[in-house]
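Chemist: Kindly generate the corresponding structure for this input.
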Amino acid sequence: MRIGIDARLWGEPRSGIGRYTRALVEALVEYEPGARWTLYLDRPASGLPAGVATVCLPWTQRVAWTLWAAPRALRRDPVDVFHGVTGFELPPRRAGRLVTTVHDLIPFRLPALVPRRHRWAVRCLLGPALRRATRIIAVSESTRAELLARYRLPLTRVRVVHEAASPAFRPAAPAERLAVRERFGLRQPYLLFVGLIEPKKNLGTLLDAVARLRRRGEWPGTDLIVGGAHGWGPDPRIQASRLGLDGVVRFLGPVDDAALPALYAEALGFVFPSLWEGFGLPVLEAMAAGTPVIASSRGAIPEVTGGAALLVPPEPAPLADAMAALLADPARRERLREAGLARAAAFSWQRAAAETLAVYREVLHESGS
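Modeler: Numbering: from 1, shown residues only. As a prediction, the model looks like this:
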């Protein structure tokens with residue numbers, strides 16, 4: 001069995017799809033070393049698994065790469081199944097048997113939360129990609145339900161394959177926690193937010209909730225630590241300053257994967273007020289690290305957390321109340337910690353790899369190969 005995978009986002013750890021691509025490919029290669037794996041790139045990449053072949057097609061224009069460069073390469077050297085992991089970018093059907101992963105439908109549900117160019121690309125390309133795909137992988141039941149409702153797809157064409165936290169996300173040892181504290185100068189207990197800083201993540205509402213708690217006198221000697229690159233939209237540091245939070249909120253910028261598990265583990269709690277998620281991987285990473293979670297009650301987050309997190313509407317008042325309750329109750333933090341660890345253990349990339357391979361085999365069986 002020879003499988004081709006669109007791996008253009010391999011080297012982009014700040015991208016959720018980039019993290020998905022890397023974790024899934026590594027798990028697939030480990031789970032099925034007898035298959036022939038070919039990764040299709042638009043630039044050279046490092047850190048690839050041993051034994052994978054690569055095809056580098058250096059086209060900077062993404063639509064041209066998908067609709068012209070990749071199909072030409074696949075016709076010259078065919079694969080049994082080609083997997084497009086970005087959801088809305090899939091070569092024409094003449095390129096061979098096709099599988100696509102859809103992460104969310106936010107450009108349709110909440111278009112103002114998506115940059116105009118990306119919104120336009122998804123709206124133009126997703127429908128044709130879904131028609132071309134023999135099978136569609138949704139990363140959650142929430143995303144699957146939206147797909148089925150919007151595009152009236154047959155139930156048999158859409159499979160749910162959940163993501164997972166990397167095994168690196170676990171309760172950190174005391175020495176690791178001390179090291180991350182010293183590295184970032186973390187001198188007080190803290191709540192943590194991690195994610196690409198963009199309107200969808202709703203960080204402004206979290207800042208408003210912190211300011212509300214301070215006005216109520218319910219914000220103890222605690223910091224809010226924000227980890228993540230700035231994607232697009234307003235700079236939250238300006239809002240933090242306007243709210244008088246300069247000494248309370250710290251923006252770390254991008255945090256490398258080596259430090260991230262201990263940064264989670266040392267936090268009193270992880271707060272994730274996203275307006276919508278197709279999956280919500282940071283929530284699962286926090287739970288796997290043993291961190292109590294407060295998160296939005298929207299999108300796939302209730303499905304992923306499975307009752308192991310404190311879920312609230314992503315609005316300042318309920319968010320402030322949830323943070324106050326968590327900070328004041330160590331016993332509750334411990335209960336959420338234990339529940340989160342148990343819930344996170346139900347997800348693994350090995351399971352995702354097995355279920356994805358089952359989709360590939362379905363496609364091959366259906367075509368008679």
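Chemist: Can you pull out the low-pLDDT segments for the chain?
Modeler: Low-confidence segments of the chain (pLDDT under 70): 13-14, 369.
Chemist: how does it look with 90?
Modeler: 11-19, 59-63, 86-88, 93-96, 118, 366-369 (pLDDT under 90).
Chemist: any idea how it splits into domains?
Modeler: Following automatic domain parsing, the chain resolves into domains at 2-164+348-366, 174-344.
Chemist: so who does Y40 touch?
Modeler: Y40 makes contact with G4, I5, D6, A7, R8, T54, V55, L57, A70, A73, according to C-beta atoms under 8 Å, 6 or more residues apart in numbering. Every residue, glycine included, has its C-beta placed from N, CA and C.
Chemist: and it, what element?
Modeler: strand 36-41 (DSSP states H and E).
Chemist: Give the buried residues for that strand.
Modeler: Neighbour-count burial for strand 36-41, with 16 or more other C-beta atoms under 10 Å as criterion, is recorded at W37, T38, L39, Y40, L41.
Chemist: same check, this time on stretch 341-350
Modeler: L341, R343, A344, F347, S348, W349.
Chemist: Three-state assignment for L192, please.
Modeler: Three-state call for L192 (DSSP: H, G, I helix; E, B strand; the rest coil): strand.
Chemist: hey, what's it bridged with?
Modeler: I225, F270 (DSSP bridges).
Chemist: could you pull out the helices for the stretch 251-369 of the chain?
Modeler: For the stretch 251-369 of the chain, applying DSSP state H, counting those that start in this stretch gives helices covering 260-266, 281-288, 301-305, 316-328, 330-344, 349-366.
Chemist: Checking L213 next. Helix, strand or coil?
Modeler: Under three-state DSSP, L213 comes out as helix.
Chemist: To what extent is it buried, counted in neighbours?
Modeler: 20 (other C-beta atoms under 10 Å).
Chemist: what's the nearest residue to it if we skip its chain neighbours?
Modeler: In space, not counting the residues next to it along the chain, L213 is nearest to W219; the distance is 4.2 Å by C-beta to C-beta, 6 or more residues apart in numbering.
Chemist: Now do the contacts for the one you found.
Modeler: V210, L213, V248.
Chemist: Then it would be within a strand, right?
Modeler: No - counting by three-state DSSP, one finds W219 to be coil, located in no strand.
Chemist: I am finished for the moment; much appreciated.
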